[in-house]
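Engineer: below is the structure, and that's it, no one-letter string:
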């Protein structure tokens, strides 16, 4: 039995010390997941807390299929979805006959590396619909069909929100690069 298995067994038995160990081990990484779905650290911490309440409540249902961390991550993502459903994210329904979607497998654009903190900040400040679909599609690996079922929207709305999220990020990153380039040019003149 691994140390993780022992902690899980003790959590099932309701031992507070094991729950604390589990929380200390996984909370920092799961906070990162929650931050991508939230507007700020306080909201992310609320989602994290809701998620860990569910982890401790349902740990007895963990079937040891896949990693325990993956199981916890799924709970955090579902907690984020529940959190935003409570706060009513509205998606603009799209007329599918008028939409064109770029081929997601082909791109000839190149990007320079972006600091993780900058990227997280941009994602947190996105419109809610963009953020939710981007997270589910890009970071969690859901298909548009799955996202449409999770969020109760059409597949085309999911595709549209992802397309708009990508444009949003691209525009914001271009703005940041222009600001950096302008300040660098300004500094060199002195």
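Structural biologist: Perfect, I can see it now. Keep in mind that what you see is a predicted model, and the values were worked out from it rather than measured.
Engineer: over to residue 39. Which of the three states is it?
Structural biologist: coil (DSSP: H, G, I helix; E, B strand; the rest coil).
Engineer: now do residue 130
Structural biologist: Classified using three-state DSSP, residue 130 is helix.
Engineer: and it, what is it in contact with?
Structural biologist: Listed by C-beta atoms under 8 Å, 6 or more residues apart in numbering, the contact partners of residue 130 are 161, 162, 164, 165, 168. Placement of C-beta: from N, CA and C, glycine included.
Engineer: and the pLDDT at it?
Structural biologist: pLDDT, residue 130: 93.
Engineer: ok, and the closest non-adjacent residue to residue 31?
Structural biologist: In space, and not counting its chain neighbours, residue 31 is closest to residue 48: 5.4 Å by C-beta to C-beta, 6 or more residues apart in numbering.
Engineer: tell me how far the residue lying closest to residue 130 once chain neighbours are set aside lies from residue 64.
Structural biologist: Using C-beta to C-beta, 6+ apart and skipping the chain neighbours, the partner closest in space to residue 130 is residue 165 (3.7 Å). Going from residue 165 to residue 64 by C-beta to C-beta, to the nearest Å gives 35 Å.
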